[in-house]
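K.L.:
return a 3D structure for these sequence lines:
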Amino acid sequence: MGLLSKKLGIDLGTANTLVFLPGKGIVLNEPSVVAVSEQDNKILAIGIEAKNMIGKTPEFIITYCPMKDGVIADYRVTEAMLRYFINKAMGKWNFFKPDVMVSVPAGVTSTQRRAVVEAAIRAGAKNAYVVKEPILAALGAGIPIHESKGYMVVDIGGGTTDVAVISLGGIVSSTSVKCAGNKIDAAIADYIKKTFNLAIGERTAEEVKIKIGAAVPFEEELRVTIKGRDFIQGLPRSAQVGTNEIVKAIDGELKQIIKAIKTVLADTPPELASDIIDHGIIMTGGSSQLRNLADLVYRKTGVKASLAEDSLYCVAKGTGIVLEHLDMYKKTVLSKK
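P.N.:
Below is the predicted model:
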């Protein structure tokens, strides 16, 4: 039945795109990266294959993410990427045109939203709907959003951090800041450049974050060897870096995320604020998996925070829930073409 319903949920992220097929679960999880030949503007690779090329291409091939800060930066390439993901997810059923639901950040404008709907339709969708990410993240985290209770969701992805208070199936107060995983990676690369005179690529910076990164200092810190190019001599060199140095490197970025949470808490009606104290803050998205981030949020806001189960997949799961009960979520669904 899952295949015959021909519905797809897409978590179209700045860093990764996930595709959810009702009845099957998450069928695709690939980087939102495309490799393009500058000579004839031809798309050479999409997804994992393109990500493996980052920083290693000859000068006539460029690799980049067509999504910036959660919205479409390059329309043509995003459309091609969506077509590739839709066809790959549908497999042998791709002669059917599916109904597609795509996630968008909480702060998108109507023009940006329309661009997503049009790109999905041109990429092969029969109908396209868009839903705001905090709603989907809340559903995917198992929050009963239709109750008259307040829940706070912090969705930290690659390009944006969405913070929202949800009650009665809608967003009561929210903000979206362009500070998330990618900015954290850039801060790590910048710190290593200044401290060690070592140039590292964005992939290496991301690996350092995943292996040893944390939000608060450790007593027994983890260490990792980084390899890059020496700025002074121009030769390859390696250096050792520890968790507490990374904590220092990303402090400014984490402060922006905490500030966004505080802003939304300040905008929340008192009745809902008391619910949030009871339920705590629910954290979703790939970058929320940074060690001890929930602990930092608790220290800075006084509200307990916890990581949702399968936090990376919450938005994608949420698209599946909305697709399965479309009539029930009509109010939540933003637009259809």
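
K.L.:
output the below-cut-off pLDDT ranges for this structure.
P.N.:
1-5, 94, 331-337 (pLDDT under 70).

K.L.:
at 50 instead, please
P.N.:
Filtered on pLDDT under 50, the chain yields the residue ranges 1-3, 337.

K.L.:
tell me the residue furthest from the middle of it?
P.N.:
In the chain, the residue that sits farthest from the middle, by CA atoms, centre = their mean, is Q233; the gap is 37.1 Å.

K.L.:
excluding chain neighbours, what is closest to the residue positioned nearest the centre of the chain?
P.N.:
Compute the mean C-alpha point of the chain, and by CA atoms, centre = their mean the closest residue is G157, 2.7 Å away. Excluding its sequence neighbours, the residue lying closest to G157 (CB to CB, 6 or more residues apart in numbering) is G285, at 4.6 Å. Bear in mind the C-beta positions are built from the backbone N, C-alpha and C, glycine included.

K.L.:
how many neighbours does that neighbour have?
P.N.:
29 (other CB atoms under 10 Å).

K.L.:
give me the distance between it and V163.
P.N.:
11 Å (CB to CB, to the nearest Å).

K.L.:
show me what contacts the residue nearest to the centre of the chain?
P.N.:
By CB atoms under 8 Å, 6 or more residues apart in numbering, the residues touching G157 are 13-15, 70, 133, 180-181, 285-287.

K.L.:
hang on, the earlier thing: what is in contact with G285 and V163 at once?
P.N.:
154-155.

K.L.:
ok, back up a step: which of the contacts of G157 fall in helices?
P.N.:
In this view, the contacts of G157 that belong to helices under DSSP state H are 133, 181.

K.L.:
any chance of a markdown table for the contacts of G157, columns distance to T111?
P.N.:
Shown next, in a markdown table, are the contacts of G157 (distance: CB to CB, whole Å):
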| residue | distance to T111 |
| --- | --- |
| G13 | 20 |
| T14 | 18 |
| A15 | 23 |
| G70 | 14 |
| E133 | 18 |
| A180 | 22 |
| G181 | 25 |
| G285 | 24 |
| G286 | 27 |
| S287 | 27 |
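
K.L.:
where along the stretch 201-337 of the chain do the strands fall?
P.N.:
For the stretch 201-337 of the chain, the strands defined by DSSP state E, counting those that start in this stretch cover 223-230, 236-242, 281-284, 305-307, 335-336.

K.L.:
tell me which of these is the most buried.
P.N.:
Compared across the strands of the stretch 201-337 of the chain, strand 281-284 shows the largest average neighbour count, a mean of 26 (mean count of other CB atoms under 10 Å).

K.L.:
direction included, what does it pair up with?
P.N.:
strand 151-156 (parallel), strand 305-307 (parallel) (DSSP bridges).

K.L.:
CA atoms only for it - export them in CSV, please.
P.N.:
Output of strand 281-284 as CSV, limited to C-alpha atoms (Å, rounded to 0.1, in the frame of the first residue of the first chain):
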residue,chain,number,x,y,z
ILE,A,281,13.0,21.8,25.6
ILE,A,282,13.1,19.1,22.9
MET,A,283,16.2,19.2,20.6
THR,A,284,16.2,17.8,17.1
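
K.L.:
centre of the chain to it, how far?
P.N.:
Distance of strand 281-284 from the chain centroid (CA atoms, centre = their mean, to the nearest Å) equals 13 Å.

K.L.:
who touches that strand?
P.N.:
Strand 281-284 is contacted by residues 137-138, 140-141, 143, 151-156, 261, 293-294, 297, 301, 303-308, 311, 314-315 when judged by CB under 8 Å, 6+ apart.

K.L.:
now list the buried members of those residues.
P.N.:
137-138, 140-141, 143, 151-156, 261, 293-294, 297, 301, 303, 305, 307-308, 311, 314-315 (16 or more other CB atoms under 10 Å).

K.L.:
can you list the domains in the protein?
P.N.:
Using automatic domain parsing, the domain parsing of the chain gives 7-135+314-336, 141-179+253-311, 181-249.

K.L.:
end to end on the second one, go ahead and measure it.
P.N.:
This stretch, domain 141-179+253-311, spans 7 Å end to end (CA to CA, to the nearest Å).
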